[in-house]
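K.L.:
sequence and computational prediction follow.
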Amino acid sequence: MKQQSLQNTTCVSLPNFWPLLCPLIVLLALLHVNSVLSNGRTLVLLDNINIKDTHSIFFRSLSDRGFDLTFKTADDPGLSLIKYGQFLFEHLIIFSPSVEDFGGNINVETITSFIDGGGNVLVAASSDIGDPLRELGSECGIEFDEEKTAVIDHHHYDVSDPGEHTLIVADPENLLKAPTIVGQPSEKPILLRESGDMVADPDNPLVLDILTGSSTSYSYFPDRPITQYPHAVGKNTLLIAGLQARNNARVIFSGSLEFFSDAFFTSSVQKAVPGSKFDQTGNQELAIALSRWVFKEEGVLRVGAVSHHPVGETTPPSAYTITDLVEYSIVIEKLSEGKWIPFSGDDIQLEFVRIDPFVRTYLKRNGGKYSVQFKLPDVYGVFQFKVDYNRLGYTHLYSSTQVSVRPLQHTQYERFIPSAFPYYASVFSMMAGLFLFSFVFLHMKEKEKSE
Amino acid sequence: MSNSVLSVISRFLEEYLSSTPTKLKMCDAYLLYILLTGVMQFLYCLLVGTFPFNSFLSGFISCVGSFILAVCLRIQINPQNKSEFLGISPERAFADFLFAHTVLHLVVINFIG
């Protein structure tokens, strides 16, 4: 009886968990798969929770595209980007320009290491910009003007401007000429207000001037007379700036938070100094195009299979020989609507490098891949096939394949050198002459005798 | 001036044609042939350059070596020099000539590449 009861208890404890555990495990797996398949976990930091409503169109377009948005106020004490060495989010949106101190684990260093780890950041500023955002901007090569300054343009302001001329109408001509970043060109002007202006570091080659002010714009305190030279003048004023880091992480700084607001997306715009009226601003298209670029939905390239072989064969040898004919092919794909499709570019170059490039040629589109045939140089050594593609708006593509090129074997040289034929001829003629002479010499006496 | 040079040359030719044995004349013809070949090779090298230098050297040396050996043969078989080569009969001279040529041609073929 005792043994039976013991058996009963041991049998009962283990299997009872499985009916509960199995669906739980499956659910967790599904959730994990879901987050991997979606466009990315995004942390949105706001000044106050109202921004979520005033910018609802923008946020809805993001969540419609599959972004997993987490809304928090900027000084929430539980904020954290990284946990146990892994990033909790792929993207970061900072719509809190006036924050003085981020809450939780977030500060400028963690955001910078987030960018170094490949995370993308979208930052909106305004004329009330706090120190953390100013520091973040200087880390990325963008210099913000002082607090309470705004971009002023006395020639391109909207009719509904209250008088300070900070409600700026930006022409689409001032946009960067890069369709991957700013989308298709359109006629609709762009509305911004109280833009905390930016100036790009001239030495930084990675900063992109996405939307510049017109040549009549400048940045100063709107309510004070001007006593010193403004921080940014004319086309140097940046209304929207971007950066693609060397690890392909993307950052966009927008000078105006209201650029993304519902009010600006839907309002009509008319320039006060004389202008035609547009029923809708171009803000929504530009904001969506920018968000597609910065969150890596657009302008992302990757390298597929790389192959090289001598012309006429299909597998590469262990070492090429000098002056061989070689065919190189590479597959380059572009991300489009979440799928990888073949990229179509006409200016991809291949370099054949041994410290310095010996051959540099364009790659031609050939079916699904890019390929080219060329002759190896008459130099032996260890070379690399390098494809280094760095274009505005696209991720940096770099592929390097190392091969060795050996000199001719001693049996691969030509047997008889054509330019030495006279010497061969003279040697054999010497031998023939010797033979004839000795023949005649030996039989000479007989001739005399016979005469 | 030219008159005297011409007369010297014509007298030399006359003497040569009348008083040298036929054998020596054959040898001289052979020597002339070798000389012309060597000169042509040298001119070719000056024009085109010394690219396969080993080929040029071996071709030229075969000419020069053959010339030297033929001159030696001519000296040794000339009946007027019999007093200087007492132990060497013309047959012996010719045999030496052929042996030396064998060595020369072996070296030349090896070096011509």
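P.N.:
Here it is on my side, so go on.
K.L.:
closest to the centroid, which residue in the chain?
P.N.:
Using chain A. A:T395 (2.0 Å; C-alpha atoms, centre = their mean).
K.L.:
oops, wrong one, chain B.
P.N.:
Central residue of chain B (C-alpha atoms, centre = their mean): B:F67, at 2.8 Å.
K.L.:
count of neighbours near the nearest residue to A:A150 once chain neighbours are set aside?
P.N.:
Once flanking residues are discounted, A:A150 sits nearest to A:S127: 4.1 Å by C-beta to C-beta, 6 or more residues apart in numbering or on different chains. For glycine as for every other residue, the C-beta is placed from the backbone atoms N, C-alpha and C. When neighbours are defined as other C-beta atoms under 10 Å in any protein chain shown, A:S127 has 26 of them.
K.L.:
contacting residues for whichever residue of chain B sits closest to chain A?
P.N.:
Of all residues in chain B, B:G59 sits closest to chain A, at 3.3 Å by C-beta to the nearest C-beta. By C-beta atoms under 8 Å, 6 or more residues apart in numbering or on different chains, the residues touching B:G59 are A:P422, A:Y423, A:Y424, A:S426, A:V427, B:Q41, B:V108, B:I112.
K.L.:
return the residues of chain B in contact with chain A.
P.N.:
Neighbours of chain A within chain B, by C-beta under 8 Å from any C-beta of the partner chain: B:22-23, B:26-27, B:30, B:33-34, B:37-38, B:40-41, B:44, B:48, B:51-52, B:55-56, B:58-60, B:62-63, B:66, B:70, B:94, B:98, B:101, B:105, B:108-109, B:112-113.
K.L.:
and the buried ones among those, selectable in PyMOL?
P.N.:
With 16 or more other C-beta atoms under 10 Å in any protein chain shown as the criterion, this PyMOL line picks the buried residues out of the residues of chain B next to chain A:
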select buried, chain B and resi 23+27+30+33+34+37+38+41+44+52+55+56+58+59+60+62+63+66+70+94+101+105+108+112
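K.L.:
so which bits of chain A are right by chain B?
P.N.:
A:417, A:419-420, A:422-424, A:426-427, A:429-431, A:433-434, A:437-438, A:440-442, A:444, A:448.
K.L.:
just the buried subset of these, please.
P.N.:
Looks like the residues of chain A next to chain B have A:420, A:422-424, A:426-427, A:429-431, A:433-434, A:437-438, A:441 buried, using 16+ other C-beta under 10 Å.
K.L.:
in a markdown table: these, plus pLDDT and secondary structure.
P.N.:
Compiled in a markdown table, those are given as follows (pLDDT from 0 to 100; DSSP: H, G, I helix; E, B strand; the rest coil):
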| residue | pLDDT | secondary structure |
| --- | --- | --- |
| A:A420 | 90 | helix |
| A:P422 | 91 | helix |
| A:Y423 | 93 | helix |
| A:Y424 | 94 | helix |
| A:S426 | 93 | helix |
| A:V427 | 95 | helix |
| A:S429 | 93 | helix |
| A:M430 | 93 | helix |
| A:M431 | 94 | helix |
| A:G433 | 93 | helix |
| A:L434 | 94 | helix |
| A:F437 | 92 | helix |
| A:S438 | 91 | helix |
| A:F441 | 88 | helix |
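K.L.:
what helices or strands is the top helix by length along chain B leaning on?
P.N.:
Counting by DSSP state H, the longest helix found in chain B is helix B:22-48. On a contact count with 3 or more C-beta pairs under 8 Å, 6 or more residues apart in numbering or on different chains; DSSP states H and E, helix B:22-48 meets helix A:421-450, helix B:53-77.
K.L.:
got the angle for the longest one vs helix B:53-77?
P.N.:
Angular relation of helix A:421-450 and helix B:53-77 on a 0 to 180 degree scale: 20 degrees, by axes from the mean of the first three to the mean of the last three C-alpha atoms, to 10 degrees.
K.L.:
ok and helix A:421-450 relative to helix B:22-48, angle-wise?
P.N.:
170 degrees.
K.L.:
counting contacts, what elements does helix A:421-450 pack onto?
P.N.:
helix B:22-48, helix B:53-77, helix B:90-111.
K.L.:
now mean pLDDT too, for these, in a markdown table please.
P.N.:
Listed next are the helices and strands packed on helix A:421-450 as a markdown table, based on pLDDT from 0 to 100:
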| stretch | mean pLDDT |
| --- | --- |
| helix B:22-48 | 93 |
| helix B:53-77 | 94 |
| helix B:90-111 | 94 |
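K.L.:
now these as CSV including distance to A:I51?
P.N.:
As requested, the helices and strands packed on helix A:421-450 are arranged in CSV below (distance: least, C-beta to C-beta, whole Å):
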stretch, distance to A:I51
helix B:22-48, 86
helix B:53-77, 85
helix B:90-111, 92
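K.L.:
what is the neighbour count of whichever residue of the stretch 201-350 of chain A sits closest to chain B?
P.N.:
Using C-beta to the nearest C-beta, A:T323 is the residue of the stretch 201-350 of chain A that sits closest to chain B, at 18.6 Å. Residues contacting A:T323 under the criterion other C-beta under 10 Å number 12.
K.L.:
repeat for A:I355
P.N.:
9.
K.L.:
how much space between it and B:F99?
P.N.:
According to C-beta to C-beta, to the nearest Å, A:I355 and B:F99 sit 57 Å apart.
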